[in-house]
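> dropping the sequence and predicted coords here.
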Amino acid sequence: MKIAVCIKRTPDTEARVRIAADGVSLDETGVKFILNPYDEFAVEEALQRRDKAGAGEVVAIALGPDAAQETIRGALAMGADRGILLKADKVPADALAVAKALAAELKDGGYDLVLFGKMAVDDHNHAAGPMVAELLGLPCVTAISKLELEGGKGVAEREIEGGVEVVEFALPAVLTAEKGLNTPRYPALKGIMAAKKKPIEIRPAALGAVRAQVSALAPPPERKAGRIVGEGPDSVPELVRLLRTEAKVL
Amino acid sequence: MANVLAVTEQRDGALRKTSYEVVWAARQLADAMGGTVDALVVGAPGVDAAGAVLGEVGADRVLVAESAAFGRYAPDGYAATAAAVVKAGGYGAVLVAATATGKDLAPRLAAALDAPLATDVTALAFAGGKVTATRPVYAGKAIQQVTLDAPVAIVSVRPNTYAPGKSAKAGAVEKVPAVETARVVVREVKAAAQGKLDVAEASVVVSGGRGLKGPEHFALIENLVKAFGAAAVGASRAVVDAGWRPHAEQVGQTGKTVSPQLYVAVGISGAIQHLAGMKTAKVIIAINRDKDAPIFQVADYGIVGDLFEIVPRLTEEIAKARAG
């Protein structure tokens, strides 16, 4: 089974966000970067599917700057076989531009399965996976929390508000991973050593026109300082009074 | 002049609350663009009846695509149907709610139409012939303005950010063709417990954290949710990672981002990734034993003390207030 897993280098979820001097981007000084947490589920799923099939390969593909090679190494350390970096100095805010570059790379790759995380924790777009599927004319199920594959067909479950959709599809397909799909492994020392010798091809990302541009980035409006109503259960009636008369939410 | 298409969402033939929000959002944008609003309703035969009310929230026309294959969400068919409507012309923007369905549909539509996309948007503006969307990024740790420079802009709108007002547009129902392509098929929808609201949609969210000490104590949260009525249970990442609660309830950067009218944080200290997911709530209440917990810095109202004493009392008082 030949599987592509599309991954992204993102700031750590615990990172403090400061705005760069240009007013449109993140100040990366001192920011730790990680493999997008949802992509870990995608990598893990790819590895398990390859190993279950007993043959095949997992290719980790990232679009981003040179530093995204480290992110690819992380996926290789988990067990992916090789990497491809589609080099772009910056990942554009235009998800469709990113999807086009990925689709161009994936098109003739002969992949049975293309996996993504359901979203990136920086731009929150939920977009690259289904866009790539649409561009390639492939079946796509997004935000899956359960997957069964058997003889070229698959059944996946995805959470919707107040329920779960059970979705059928045929391979090749594009799937995006929700938290809970599996438990991603930690790279073992042996894997980290092995990853250093695995190949990463680097070529420019074929982004095309970028038509979604960040025109401003700002800190969120500060909430006005709240107050401690009191201590212990005896302050509950006062809280309820405030909710009713001041906040007007009851 | 450019018109706006609002793609609505229904479940079992009934429009979702977010459908009214997205039509209302489309109305605001269309007024800025000097255009009209068409609402698209996709569903099983008979769904046109549900669409008839959309004039009240600003739809000039209600376009209905009916197919026996469209009772449940049909990702490819819905996208192809909406794309065909847009290609028929005249639209400068297409709005979808950023729900589980909308997050799936909007990117497909953007790719099918070769149009740029802005997701999970909290405000829209039209200037210089371009749509600019305001959207939280880094889980709400920053607010981005993104300008979409194309003849058609695709936008998904965050649930609970547009409160529909009253309008009196014609909302005349017209049928449009259903395009029934299907690369994937939703075979079944397993419904959660009856009447259970999703944390991303509810107007009141009560979230529990590690302060509850064990999964069995979430009964306290569930009781408070019941007292509020239209409310949902949320959870911190710590308790989801510990397996106490399902991921569907997680609020924060690797969970859901919520904007309810009222958010009650119980036994949650307020890690940065959690605050990011709920800071846009209109009113925040925090109940925590540690008066220095970061959650109190974003809370409008806080009570310091033992949640096992405070929450039952609050449940009682809320039930009383709502009954009275």
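Alright, I've got the coordinates.
> please report phi then psi for A:E161.
Main-chain torsions, A:E161, degrees, to the nearest 10: phi -60, psi 120.
> so what pLDDT did it get?
At A:E161, the predicted lDDT confidence score is 87.
> would you mark the buried spots in stretch B:136-156?
Of the residues in stretch B:136-156, those scored as buried under the neighbour-count criterion (16 or more other C-beta atoms under 10 Å in any protein chain shown) are B:136-150, B:152-156. In this view, the C-beta of every residue, glycine as well, is placed from N, C-alpha and C.
> what's the answer for stretch B:157-172, then?
Residues of stretch B:157-172 classed as buried: B:V157, B:R158, B:P159, B:N160, B:T161, B:Y162, B:P164, B:S167, B:K169, B:G171 (neighbour count, 16+ other C-beta under 10 Å).
> again with stretch A:190-197
By neighbour count, with 16+ other C-beta under 10 Å as the criterion, the buried positions of stretch A:190-197 are A:G191, A:A195.
> and A:A206, how many neighbours?
By the measure other C-beta atoms under 10 Å in any protein chain shown, the count of residues near A:A206 is 14.
> what separates it from chain B, distance-wise?
15 Å (C-beta to the nearest C-beta, to the nearest Å).
> now do the same contact list for that residue.
For A:A206, the residues meeting the contact criterion (C-beta atoms under 8 Å, 6 or more residues apart in numbering or on different chains) are A:L86, A:K100, A:A101, A:A104, A:E105.
> in three-state terms, label residue 225 for me.
Here I'm looking at chain A. Secondary structure of A:A225, reduced to three states by DSSP: H, G, I helix; E, B strand; the rest coil: coil.
> residue contacts, it?
A:A225 makes contact with B:Q297, according to C-beta under 8 Å, 6+ apart.
> residue boundaries of the strands in chain A?
Read by DSSP state E, chain A holds these strands, from start to end of the chain: A:2-7, A:9-11, A:33-35, A:57-64, A:82-87, A:113-117, A:140-150, A:153-160, A:163-170, A:173-177, A:200-204, A:212-218, A:227-231.
> just the helices from chain B, written as ranges.
Per DSSP state H, chain B has helices spanning B:17-33, B:48-51, B:75-87, B:100-113, B:218-228, B:237-241, B:272-278, B:295-298, B:307-323. These are given in chain order.
> what's the longest helix in chain A?
As far as residue count goes, and with DSSP H defining each element, the longest helix of chain A is helix A:37-53.
> contacts for that helix?
Under the contact criterion C-beta under 8 Å, 6+ apart, helix A:37-53 has outside partners A:1, A:3-8, A:13, A:35, A:56-58, A:60, A:75, A:78-80, A:113, A:115-121, A:147, A:149, A:175-185, B:254.
> and those residues, which are buried?
Taking 16+ other C-beta under 10 Å as the criterion, what is buried in those is A:1, A:3-8, A:13, A:35, A:56, A:58, A:60, A:75, A:78-80, A:113, A:115-121, A:147, A:149, A:175-182, A:184, B:254.
> now do the closest residue to B:V240 other than its chain neighbours: how many residues are near it, please.
Nearest-residue entry for B:V240: B:Q250, 4.4 Å, with adjacent residues in sequence omitted and distances by C-beta to C-beta, 6 or more residues apart in numbering or on different chains. By the criterion of other C-beta under 10 Å, B:Q250 has 25 neighbours.
> how long is stretch B:168-182 end to end?
The stretch stretch B:168-182 measures 37 Å between its terminal residues, going by C-alpha to C-alpha, to the nearest Å.
> measure how far that stretch is from the centre of its chain, please.
22 Å (C-alpha atoms, centre = their mean, to the nearest Å).
> for chain A, see how far away B:A65 is.
Distance of B:A65 to chain A, given as C-beta to the nearest C-beta: 19 Å.
> tell me the contacts of that residue?
With contact taken as C-beta under 8 Å, 6+ apart, B:A65 is in contact with B:L40, B:V41, B:V42, B:G43, B:T81, B:V85, B:K175, B:V176, B:P177, B:A178, B:V179.
> and which of those residues is nearest B:A2?
Each of the contacts of B:A65 was checked against B:A2 using C-beta to C-beta; the closest is B:V85, at 14.6 Å.
> return the residues in contact with that closest one.
B:V85 makes contact with B:L5, B:D38, B:L40, B:L63, B:A65, B:V176, according to C-beta under 8 Å, 6+ apart.
> and for A:E201, the neighbour number?
Other residues within reach of A:E201 by the criterion other C-beta under 10 Å amount to 12.
> in strands, which of the buried residues of stretch B:136-156 fall?
Among the buried residues of stretch B:136-156, the residues falling in strands (DSSP E) are B:136-137, B:142-148, B:153-156.
> would JSON lines of these with pLDDT and distance to chain A be doable?
Written out in JSON lines, the entries for those read as follows (pLDDT from 0 to 100; distance: C-beta to the nearest C-beta, whole Å):
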{"residue": "B:P136", "pLDDT": "92", "distance to chain A": "7"}
{"residue": "B:V137", "pLDDT": "93", "distance to chain A": "6"}
{"residue": "B:A142", "pLDDT": "93", "distance to chain A": "5"}
{"residue": "B:I143", "pLDDT": "95", "distance to chain A": "5"}
{"residue": "B:Q144", "pLDDT": "97", "distance to chain A": "5"}
{"residue": "B:Q145", "pLDDT": "98", "distance to chain A": "4"}
{"residue": "B:V146", "pLDDT": "98", "distance to chain A": "5"}
{"residue": "B:T147", "pLDDT": "98", "distance to chain A": "5"}
{"residue": "B:L148", "pLDDT": "98", "distance to chain A": "5"}
{"residue": "B:A153", "pLDDT": "98", "distance to chain A": "9"}
{"residue": "B:I154", "pLDDT": "98", "distance to chain A": "9"}
{"residue": "B:V155", "pLDDT": "98", "distance to chain A": "11"}
{"residue": "B:S156", "pLDDT": "98", "distance to chain A": "8"}
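> distance to B:D300 added to these, as a markdown table?
Listed next are these as a markdown table, based on distance: C-beta to C-beta, whole Å:
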| residue | distance to B:D300 |
| --- | --- |
| B:P136 | 19 |
| B:V137 | 24 |
| B:A142 | 22 |
| B:I143 | 20 |
| B:Q144 | 25 |
| B:Q145 | 27 |
| B:V146 | 30 |
| B:T147 | 33 |
| B:L148 | 34 |
| B:A153 | 35 |
| B:I154 | 35 |
| B:V155 | 30 |
| B:S156 | 28 |
